[in-house]
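Participant: the sequence and its predicted three-dimensional model are supplied below.
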Amino acid sequence: MTGDALDRLAGLAGIEEGWWDFFGKYRIVRQETKRAFLTAMGFAVDSPAQTAASLAALEEKPWRRPLAPVLVTDERAGRPVIPLILADRHSRRTLHWAVEEEDGTLHTGAVMPADLPLIAERAIDGERHRRLALELPGTPLPGQHRFTVAAGSGLEASMPLIVAPSRCHWPASADRLWGFATQLYALRRDSNWGIGDFTDLARLGWRAAAVGAAAIGVNPLHALFANRPECYSPYSPSSRNFLNVVYIDVEMVPEFRASKAAQALFAEAATQGRLAAARAAERVDYPAVGALKKQLLEPCWQALGEPANRERLAAFRAFQKKSGPQAERFAIFEALQEFFLDGPQPQSYWRHWPAAYQDPDSPAVAGFASERRQRVDFFWYLQWLAEEQLAAAQASCRDAGMAVGIYRDLGVGIAEDGAEAWANQRLLCLGVSVGAPPDPLNLAGQDWGLVPFNPLTLADAAYQPLLDVLEANMANAGAMRLDHAMSLQRLYWVPRGVAADQGAYVRYPVADLFRLVVLASARRRCLVIGEDLGTVPDGFRERMSEAGVLGYRLLVFEQDGQRFKAPGDLPEEALVTFGTHDLPSLAGWWAGIDIAQRRALALYPETAMADGEARERELARSRLVAALVAAGLLDRRFPTAGPLSTAQARRLARAVYGYLGRSKARLLMVQFEDLLGLSTQMNLPGTVDQHPNWRCRLPMPVEAMFDDPGLKAVVEDLNDR
C-alpha cells in the first residue's frame, strides 16, 4: 500500500513511471528516485504516514481554493472558461466577476452558480465543494490580465488570466533569412581586452548587415559570477535574468573617459602589462580579464557621483527604478558573495553562508543592503553598463538593415550556487539536477549540474519567474533560441549523488509554457527557435510548429538510412546549419577531432565504441560528398579521406552551405569556424577543464574575416538564393 501511495503521489507531481532509452530499452524509475524527487519538491515521504498525508494534501489542494493560481489560454481557444470551486455556503449567492485587462480596461458581469455547468464535486472537511465552469462572454486581447470573483457570502478571490497570441513573432518583411553564428567571447579586435565584447558585437553587426545577413547568433549572455571569473560556462549561469559583465567594453564607458583615476590606473605599466598578456593569450583567460575589467570599472563607478556626471547618475537611478526589486536582489547577491569570498574562510556558495543570509527576505540581508548600499549599487551599475552596450549593439544591427539583429540563446537551467537560485529557492528543486539520459554521444547519460524549477510551485507563482526569464532574454534581440526546448514538456532530473542513467523525466505544464513563449515572443517582437535535438517526445515537434517555434536541424544529424537528406526533405519551419557549439566545426568533424579527443580522454566506456564511431564517420564523409556531388556543388574528385587543406575545407563549407541554402527552411545560420576552415570544437560535452571549453578565440579580427575570399563566396551564394 505504501508503494501505491508513493507511485500515485509521484504521478500527480509529474514524475513519469519510466522512459525509453536511445537503445530501445524501457527503464522503470526506481522508488528511491521518486522519493528523492518528491523530497526536492517539498513533500514529506520518509514514512508511510507522511506519504499518505502528502498525497491527501496534494489531491485536496485544488479543491481548497476558489480559483487556480493562474489560467493561461490563447486566442485560438475561444472565450476563456474559468474553473470555479464553490463550497455549499457560497452556492446560493450571486457571483460578481470582473476582468481587468493589463491596459486598465474593465469588464464585469454577474451569474448565479446554479446556472453554471457542473464539472465535478467533492466533500472537503465535511462540506460539499463543486467545480463549476464560468465562460466569459469574450476573449481579452493578448496580455496579462486579472480575473476576480466575489459573492455576498464572503467569497472573494482573484487570479492572473494570461492570453497569448496564436503564434510566435516573425518579421513581416521577410520570408527566408540567413545569418552568422558565433561565440561572442571568441571575437577578436586589436583593442579588445582578450575577449570579445559588446563593441565587437556591434561592429560585427555592421559588417554582417553590409553583406546581407539578417542575424548574428551568439552564445548565452547570462550573468555568470563577477566574483568568480573562473566559472565561465555560459550554460551554467548565476542568473538568466541579467547579463555577463565581462562583455562590457570598458573603454566605451563614459565614466572611464571622464575619470582621472581610471585613466591613471589604465596608464600604469602593470595594468598595460596585464592587458597585453590578456590580448596575446591564445585562449580567453577569464580570471585575468575579469579581474582587470572589474578593477578598472571601480573608479568609473566612483566617478559617476561627480558633479560633471549628474545626468548620467540620474539615468542610472532611472534604470534602477525601472528594473525593480528583482534586479536589486541580484545586486545584493553579488555584494554578499563578494563579502563572503573576502572573509577569512571564503564561501561562495550561498547555502554555506550564515543562515541569516541564506534567505533573501531576511532582516539580515536587508540590513546588509542598507549598510553596504554603495557596493550593492556598484554591481547594479555594472548591469546598467552591460544593458546599455547590448542595446547599442542591437541598435547597430537594426540600423544597418538587419531584419533580426542579435539572436540570443536561453540556457535550460541555472547553477545551484548562483543568484537566481538564491532569489527563487522556494520555486526550485534543490538537491536534484537537470541532465539527459544515455545516448550515443554520452553513453552514461549526463548530469549538467543545473537546478530545475519545481513545476508545482512554478504554477503557484503564476509562471511569472519563467515569463521574466523569457522576456529578459528577448530584450535587445530579434531572435532567441530555447536550449533543450523539450523542457517545456518534460525535463530529465538526476538525484544528487547517483549515476546520470538513474534519473527520470518530470512533466511540466506544456500547453501553458508554450503559450508563455508565444506571448513573450509577440511582446518583444522576437522570433523563437527551439533546440529539439536528442530524445524528443511524440507530438512535440508538431506542437512547436503549431506555435510558430522554429525547429533546429543540424545537417550532421540529418541522415536518412545510407544518405544525407536532400535539401527538399528538410522542414520549412526550422533553422538549419551544419553543426553547433557542442560539435566540431565542419573541418574538425571531417578530421574526427571529436572522436580523437574523446578517445584520448577515455570518454568511451569501451574501445570498440570509438572504433565503431570512427568507421561510421568515414562512411558519413563519403555520404556527404556524394550528396554534394549529386547536387552539383562539389567536384567528383573531392577526396573522401585524409586531412583537408584549408582551401579544401573552405570549398567543402561553400558546398555544404550552398546545399542548406537550397532548403525551404526559414532561417539558415553559418558558423565562422566553417567558413574559415578551422578545425576546432568550442565545447566538448562530458568535460570540464580537459578541453578548452568556451575559451577558443577566432584567429583573426572581425574585419579580416569579412575580407576572407571563402566567406565572400558563401555570402554570394546565399544572397543569390
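Facilitator: Ah, there it is.

Participant: thought residue 99 was touching residue 140?
Facilitator: Yes: Residue 99 is in contact with residue 140 according to Cβ atoms under 8 Å; the separation is 6.1 Å. Where C-beta positions appear, they are placed from N, C-alpha and C, glycine not excepted.

Participant: what do those two both touch?
Facilitator: The contact sets of residue 99 and residue 140 overlap at 107, 161 (Cβ atoms under 8 Å, 6 or more residues apart in numbering).

Participant: the closest residue to residue 418 other than its chain neighbours: neighbour count?
Facilitator: Counting by Cβ to Cβ, 6 or more residues apart in numbering, the nearest residue to residue 418 once its immediate chain neighbours are dropped is residue 238, at 3.2 Å. Residues lying near residue 238 (other Cβ atoms under 10 Å) number 27.

Participant: host element of residue 179?
Facilitator: According to DSSP states H and E, residue 179 maps onto strand 177-181.

Participant: mind listing what that strand pairs with, with the direction of each?
Facilitator: Take DSSP bridges as the rule and strand 177-181 pairs in its sheet with strand 215-217 (parallel), strand 667-671 (parallel).

Participant: columns distance to residue 593, mean neighbour count and mean pLDDT on top of those, output as TSV?
Facilitator: Formatted as TSV, the strands paired with strand 177-181 follow (distance: least, Cβ to Cβ, whole Å; neighbours: other Cβ atoms under 10 Å; pLDDT from 0 to 100):
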stretch	distance to residue 593	mean neighbour count	mean pLDDT
strand 215-217	22	27	98
strand 667-671	15	25	97
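
Participant: so can I have JSON lines of those showing distance to residue 281?
Facilitator: Shown next, in JSON lines, are the strands paired with strand 177-181 (distance: least, Cβ to Cβ, whole Å):
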{"stretch": "strand 215-217", "distance to residue 281": "24"}
{"stretch": "strand 667-671", "distance to residue 281": "23"}
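
Participant: right, so of those strands, which gets closest to residue 165?
Facilitator: strand 667-671 (19.9 Å; Cβ to Cβ).

Participant: after that closest one, which helix or strand is next?
Facilitator: Using DSSP H and E, the next helix or strand after strand 667-671 towards the C-terminus is helix 672-675.

Participant: which one's more surrounded, residue 99 and residue 140?
Facilitator: Under the criterion of other Cβ under 10 Å, the comparison of residue 99 against residue 140 puts residue 140 first, with 23 against 20.

Participant: so what's the most centrally placed residue in the chain bridging to?
Facilitator: When Cα atoms, centre = their mean is applied to the chain, the residue found nearest the centroid is residue 410 (2.0 Å). Note on residue 410: beta-bridge partners by DSSP bridges are residue 482.

Participant: and if you look at residue 82?
Facilitator: Here residue 82 sits in beta bridges with residue 134, going by DSSP bridges.

Participant: model confidence for it, exactly?
Facilitator: We have a pLDDT of 97 for residue 82.

Participant: isn't it right up against residue 148?
Facilitator: No: Residue 82 is not in contact with residue 148 according to Cβ under 8 Å; the separation is 10.6 Å.

Participant: show residues contacting the helix or strand hosting residue 553.
Facilitator: Assigning secondary structure by DSSP H and E places residue 553 in strand 551-554. By Cβ under 8 Å, 6+ apart, the list of residues contacting strand 551-554 from outside reads 481, 485, 529-533, 541, 544-545, 570-571, 573-580, 583, 665.

Participant: how about 10 Å then?
Facilitator: 481-483, 485, 529-533, 536, 540-541, 544-545, 565, 570-580, 582-583, 660, 663, 665-669 (Cβ atoms under 10 Å, 6 or more residues apart in numbering).

Participant: low pLDDT regions in the protein?
Facilitator: Residues of the chain that meet the criterion pLDDT under 70 lie in 1-2, 440-441.

Participant: most remote residue from it's center?
Facilitator: Outermost residue of the chain with respect to the C-alpha centroid, by Cα atoms, centre = their mean, is residue 92; its distance is 48.5 Å.

Participant: residue 155 is in contact with that one, correct?
Facilitator: No: counting by Cβ atoms under 10 Å, residue 92 does not reach residue 155; the two are 11.3 Å apart.

Participant: shared neighbours, those two?
Facilitator: Taking Cβ under 10 Å, 6+ apart as the criterion, residue 92 and residue 155 both touch residue 86.

Participant: one step back: residue 82 and residue 148 - which one has more neighbours?
Facilitator: residue 82 (20 against 16).

Participant: now the helices: where do they sit in the stretch 501-650 of the chain?
Facilitator: 510-524, 540-547, 586-591, 593-600, 607-630, 646-661 (DSSP state H, counting those that start in this stretch).

Participant: which residues touch the residue farthest from the centre of the chain?
Facilitator: Listed by Cβ under 10 Å, 6+ apart, the contact partners of residue 92 are 86, 112, 113, 114, 151, 152, 153.
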